[in-house]
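K.L.:
Sequence plus predicted model, see below.
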Amino acid sequence: MASPKILLPTLAAGTSAASVGGYMYATSGNKEVTILDKIKDSLKTHHRILTSKGDSAWDKFKKVYKEGGDKKISGVSEEQINGWCESTLEESFNKEKYDQAMMWCVIYDRSIKESLSKPVLSAEKTDEKWKKAWDKFNTGNSTAGELKLEDTALNNPTPNDRDKGGSALNEWCTSKYEMKMYELGAEALSKKVEKWCNEDAGK
């Protein structure tokens, strides 16, 4: 008996080869499109997928998930989210889980310093620019609203002590430069760093 033939659609006018390839790919049974495949297709620059539950980024990112409120995944705890991502990313595409994975299995893997649109002051404490940046901070912090810095170390120096003030501001700023944008509170901190630690502040 002759083997039954598998009928494939005829390539109609205007139909791309890619679409036909997609049909053959889907019907061949070689591989289903996974959630990971879809995320890779839409991944933004400087973003990274946490495919392994042992990724070191989880040490920080779990804290973000813990504070996720109603955006957290039902039934998945802070200690389970890394394992959930590892297994879910390999599952066949599902819109609900894809959206959840985009939120909790993908990180913006840049430091605060790297993410800013403006260059920041150098880490060198002796740079005269830090004293000028301190002057701006000293006169503007109290009215800075959401960008106000409450750190005790910055409020200890006397207003006219530019040496200590500049040094304190230097320590605050440089301690934030390498903080990763996926860490808890990094987004809000990045706005403060951009205001008080950028090159223009030292002019």
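P.N.:
Great, that's in hand.

K.L.:
Residue ranges of each domain in this structure, please.
P.N.:
Domain assignment for the chain by the TED database gives 35-109, 113-201.

K.L.:
looking at these, which has the lowest confidence?
P.N.:
Note on the domains of the chain: domain 113-201 shows the lowest mean pLDDT, a mean of 92.

K.L.:
Quick one: end-to-end distance for it.
P.N.:
End-to-end distance for domain 113-201, by CA to CA, to the nearest Å: 15 Å.

K.L.:
distance between that domain and the chain's centre?
P.N.:
In terms of CA atoms, centre = their mean, to the nearest Å, the centre of domain 113-201 is found 21 Å from the chain centre.

K.L.:
Mind listing residues that contact the biggest helix by length in the chain?
P.N.:
Taking DSSP state H as the assignment, the helix of the chain that covers the most residues is helix 162-177. When contacts are defined by CB atoms under 8 Å, 6 or more residues apart in numbering, helix 162-177 is touched by residues 111-113, 120-121, 123, 125, 127, 130-131, 133-135, 137-138, 149, 151, 153-154, 156-159, 189, 192-193, 196-197. Quick note: C-beta positions are derived from backbone N, CA and C, even for glycine.

K.L.:
Please produce a markdown table containing the domains of the chain, extended by mean neighbour count.
P.N.:
Formatted as a markdown table, those follow (neighbours: other CB atoms under 10 Å):
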| stretch | mean neighbour count |
| --- | --- |
| domain 35-109 | 15 |
| domain 113-201 | 16 |
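
K.L.:
ok so, going back, so after the longest helix of the chain, what's the next helix or strand?
P.N.:
helix 186-196 (DSSP states H and E).

K.L.:
thinking again about what came up before, now do the longest helix of the chain against helix 186-196, angle only.
P.N.:
150 degrees (axes from the mean of the first three to the mean of the last three CA atoms, to 10 degrees).

K.L.:
would you put the C-alpha positions of helix 162-177 in PDB?
P.N.:
The C-alpha coordinates for helix 162-177 follow below in PDB (Å, rounded to 0.1, in the frame of the first residue of the first chain):
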ATOM      1  CA  ARG A 162      32.500  72.200  51.400                       C
ATOM      2  CA  ASP A 163      35.400  69.700  52.000                       C
ATOM      3  CA  LYS A 164      33.400  67.400  54.200                       C
ATOM      4  CA  GLY A 165      30.200  68.000  52.300                       C
ATOM      5  CA  GLY A 166      31.800  67.200  48.900                       C
ATOM      6  CA  SER A 167      33.400  64.100  50.400                       C
ATOM      7  CA  ALA A 168      30.000  62.900  51.800                       C
ATOM      8  CA  LEU A 169      28.300  63.500  48.500                       C
ATOM      9  CA  ASN A 170      31.000  61.700  46.700                       C
ATOM     10  CA  GLU A 171      30.600  58.600  49.000                       C
ATOM     11  CA  TRP A 172      26.800  58.600  48.600                       C
ATOM     12  CA  CYS A 173      27.000  58.900  44.800                       C
ATOM     13  CA  THR A 174      29.800  56.500  44.100                       C
ATOM     14  CA  SER A 175      28.100  53.900  46.400                       C
ATOM     15  CA  LYS A 176      25.100  53.900  44.000                       C
ATOM     16  CA  TYR A 177      26.900  53.900  40.600                       C
END
